[in-house]
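A.B. asks: Pasting the sequence and the predicted model now:
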Amino acid sequence: MVLRRKKKIGELLCEKAYLDNANLETALAEQKTAYRRLGQIVMDLGYVTQHQLNETLALQAGISRVDLNDISINKEIISLVPAELVSKYNILPLRLERRFTGAAAANNGNSQLLAVAMTDPFQMQVIEDLRFVTGYSVRRYYADPKELEDAILKFYGSNVARMMDNLAPEEQRAEAEEELANGEFSPAKLQEMAREPSLVNLVNLIILEAIDARASDIHIEPFEHEVKIKYRIDGILQERTPSSKRLRAAITSRIKIMADMNIAERFVPQDGHIEFTGRKGRVDIRVSTVPTVYGESVVLRLLDKTASLLELEELGMDSVSLEGFSHLLRKTHGIVLVTGPTGCGKTTTLYAALQKIYTPAVKMITIEDPVEYQLDGINQMPVNPKRGLTFATGLRHILRHDPDIVMVGEIRDTETANIAIRAALTGHLVFSTLHTNDAPGAITRLIDMGVEPFLLASSLEGILAQRLVRKICPKCKESYIPDESLLKSLNGSVQVTPETRFYHGKGCHECGKTGMAGRKGIFELLRMTTKLRDLITQKASTDQIIRAAPEDHVSMMNSGMKLVLQGVTTPEEVLRVAKSISEDDE
């Protein structure tokens, strides 16, 4: 009988292409003087990761690798291992397996082993704890870290869901819901509930999970029998495991305490602010509550202070729009508007514009609600309605400080609009945002707000409308031939040949099975011309303004379809955010 030589760890790492021969020689040379295990040396040198080393060590030890992509696990097996152990050690019970030798089984008194998936199969403490808790000896399997993470989420739920179950177990829920029939608590009781350590950890965990999932908002919505928790990721709401009704008042009160809001007042809307430290740094959170039939609905808007501001060229504008917008930035006076719904990146665009044109020779002042990022060299003023500082009053005082360029966070009322436009007419370059569906719609909106058409025609220099479309996940991107119905819905916005290929994501672990990851802007720039100014004074309709747009005008639909042809996004995504009501009616 010929015994097979057991391969050394360095040899196996090279075979798996985790290590090359040159780096292996360097590590072996260090081992001669350091007297440490080779695996630890190559990891300390940064040649391999902990996961790569664990995988290779498992291979060397003869520990099989398990595929968790489509695995099904019996509920009885899941119930054997408590969620706390699963979360603590990052493991997953798989099944009960027979022992290979009857003698060993007889000696142990148990003829079965518990098969367990692990990313690090060499932690003996894990094996001992599992044996003590379950009564079974363990057979180890190596699992890919990402696959294991997804499988744990599938069979045990998120960390938030597990903590909610611990705080409101099934046997207590019926009793608790009877107690909460009226939904009334004294302020002292709410304070006590909100300061419970387990409740504090739960709210922190909800926020941390949202940050890790790249969420822009957290929505906590009360209903009759539960509280729904949703994260907005890449502009789309994704529902997480709901909470028991028992925790509604405690979660809401904890968030209100963190945001310095009045926990005793539950029947009027409130706004607050939280400074939260995540794993990567500081995150500013805007908090808003509104009363509903079943309690207060809470929205937390996450603003990552560690994220770097984008340059104007990085926003994703096509060359025509970028050149046209850059031309507007070189104006000495007038008003430039950026329009779109909440969360479409308007403030990011204005910050990029201000950074582009900033010089020490120019005085810039902004008034914002709130100040999202601090810009070097620019005076930024946060509004404070409780103290009487609104956009309108702040703008009046700003103009007494002799600014060259002014940014108004948002035009919300007639007074702010009139002051901004008169500032633009008196030698200031004014930037602001407006909530409208498209660029031409901003003109009719301002006129409806009471702005005199002749003043608007004289001061307005350009309007940039924008939306954010989700990008196709690069890990699962694939091409396909579009069908006739899809091409018809595009309404001639793109020229398609028989060879044209569109792309979509089929869904993978990286993108959470959505096929989409990240977002990119699409834009529509309307620059003012003499013809357009004449139409504004005549109170022209939006359709008339669109038809009179310059020849090089690029609609938002066409801007989006350029990204489709480049394989950045899908036509369905562009249609979702950019198709107007008039196009739907055709």
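C.D. replies: Perfect, thanks for sending it.
A.B. asks: can we go C-alpha only for contacts and neighbour counts from here?
C.D. replies: OK.
A.B. asks: give the contact list for His333.
C.D. replies: Ala424, Leu425, Thr426, Gly427, His428, Leu429, Val430 (Cα atoms under 8 Å, 6 or more residues apart in numbering).
A.B. asks: separation between the first one and Thr349?
C.D. replies: The reference is to Ala424. Going from Ala424 to Thr349 by Cα to Cα, to the nearest Å gives 20 Å.
A.B. asks: Could you check which of those two is surrounded by more residues?
C.D. replies: With neighbours defined as other Cα atoms under 10 Å, Ala424 and Thr349 compare such that Ala424 has more, 26 against 20.
A.B. asks: And what about the more buried one, helix, strand or coil?
C.D. replies: Secondary structure, DSSP: H, G, I helix; E, B strand; the rest coil: Ala424 is helix.
A.B. asks: in terms of contact, does it touch Thr332 like I think?
C.D. replies: No: applying Cα atoms under 8 Å, one finds Ala424 not in contact with Thr332, separated by 9.4 Å.
A.B. asks: which residue ranges form the strands in the stretch 1-150 of the chain?
C.D. replies: Chain-ordered strands for the stretch 1-150 of the chain, with DSSP state E, counting those that start in this stretch as the definition, fall at 91-98, 112-118, 137-142.
A.B. asks: what mean pLDDT would you report for the first one?
C.D. replies: What it means is strand 91-98. Averaging pLDDT along strand 91-98 gives 89.
A.B. asks: Any buried residues in stretch 54-73, and which?
C.D. replies: By neighbour count on 16 or more other Cα atoms under 10 Å, the buried set for stretch 54-73 is Asn54, Glu55, Thr56, Leu57, Ala58, Leu59, Ile63, Ser64, Arg65, Val66, Leu68.
A.B. asks: Between which two of those residues is the distance greatest?
C.D. replies: Spatial extent of these (Cα to Cα) is set by the pair Leu57 and Leu68 at 19.5 Å.
A.B. asks: In stretch 564-584, which residues are buried?
C.D. replies: Val564, Leu565, Gly567, Val568, Thr569, Thr570, Pro571, Glu573, Val574, Leu575, Val577, Ala578.
A.B. asks: Could you check how far the last one is from Ser559?
C.D. replies: Here the distance between Ala578 and Ser559 works out to 9 Å (Cα to Cα).
A.B. asks: Equivalent analysis for the fifth one, please.
C.D. replies: Between Thr569 and Ser559 the computed distance is 11 Å (Cα to Cα).
A.B. asks: what's the overlap in contacts for these two?
C.D. replies: Taking Cα under 8 Å, 6+ apart as the contact rule, Thr569 and Ser559 have no neighbour in common.
A.B. asks: Enumerate every residue touching the residue lying closest to Val564 once chain neighbours are set aside.
C.D. replies: With Cα to Cα, 6 or more residues apart in numbering as the criterion, Val564 has its nearest non-adjacent residue at 5.4 Å, and that residue is Thr570. With contact taken as Cα under 8 Å, 6+ apart, Thr570 is in contact with Lys471, Ile472, Phe502, Tyr503, His504, Val564.
A.B. asks: Please report phi then psi for Thr570.
C.D. replies: Note on Thr570: its backbone torsions stand at phi -110, psi 150 [degrees, to the nearest 10].
A.B. asks: now it: how far from Glu510?
C.D. replies: Using Cα to Cα, which is the criterion applied here, Thr570 is 18 Å from Glu510.
A.B. asks: just Thr33 next, same as before
C.D. replies: 41 Å.
A.B. asks: go on, Ala353?
C.D. replies: When distances are taken as Cα to Cα, Ala353 and Glu510 turn out to be 33 Å apart.
A.B. asks: same check, this time on Thr529
C.D. replies: For Thr529, the distance to Glu510 (Cα to Cα) stands at 47 Å.
A.B. asks: Check Leu202 too.
C.D. replies: Distance check for Leu202 against Glu510: by Cα to Cα, it reads 26 Å.
A.B. asks: between those two, who's got more neighbours?
C.D. replies: Neighbour comparison, Leu202 and Glu510: the larger count goes to Leu202, with 21 against 15 (by other Cα under 10 Å).
A.B. asks: Please, which helix or strand holds the more buried one?
C.D. replies: When secondary structure is defined using DSSP states H and E, the element that contains Leu202 is helix 197-212.
A.B. asks: Same question for that helix: list its buried residues.
C.D. replies: Going by neighbour count (16+ other Cα under 10 Å), the buried part of helix 197-212 is Leu199, Val200, Leu202, Val203, Asn204, Ile206, Ile207, Leu208, Glu209, Ala210, Ile211.
A.B. asks: Give me the next element, helix or strand, following it.
C.D. replies: The element immediately downstream of helix 197-212 (helix or strand, assigned by DSSP H and E) is strand 215-222.
A.B. asks: from the chain's centre, how far out does that next one sit?
C.D. replies: Centroid separation between strand 215-222 and its chain, computed with Cα atoms, centre = their mean, to the nearest Å, is 11 Å.
A.B. asks: Would you mind getting the angle between that strand and helix 197-212?
C.D. replies: An angle of 140 degrees separates the directions of strand 215-222 and helix 197-212 when computed by axes from the mean of the first three to the mean of the last three Cα atoms, to 10 degrees.
A.B. asks: If I take the helix or strand that comes right after strand 215-222 and helix 197-212, what angle do their directions form?
C.D. replies: Counting by DSSP H and E, the next helix or strand C-terminal to strand 215-222 is strand 226-233. With the same axes, to 10 degrees applied, the angle from strand 226-233 to helix 197-212 works out at 30 degrees.
A.B. asks: Starting from strand 226-233, tell me which strands it pairs with and how they run.
C.D. replies: On the basis of DSSP bridges, the sheet neighbours of strand 226-233 come out as strand 215-222 (antiparallel), strand 236-239 (antiparallel), strand 243-244 (antiparallel).
A.B. asks: Can you give me the buried ones in stretch 535-554?
C.D. replies: By neighbour count with 16+ other Cα under 10 Å, stretch 535-554 contains the buried residues Leu535, Ile536, Thr537, Lys539, Thr542, Ile545, Ile546, Ala549, His553, Val554.
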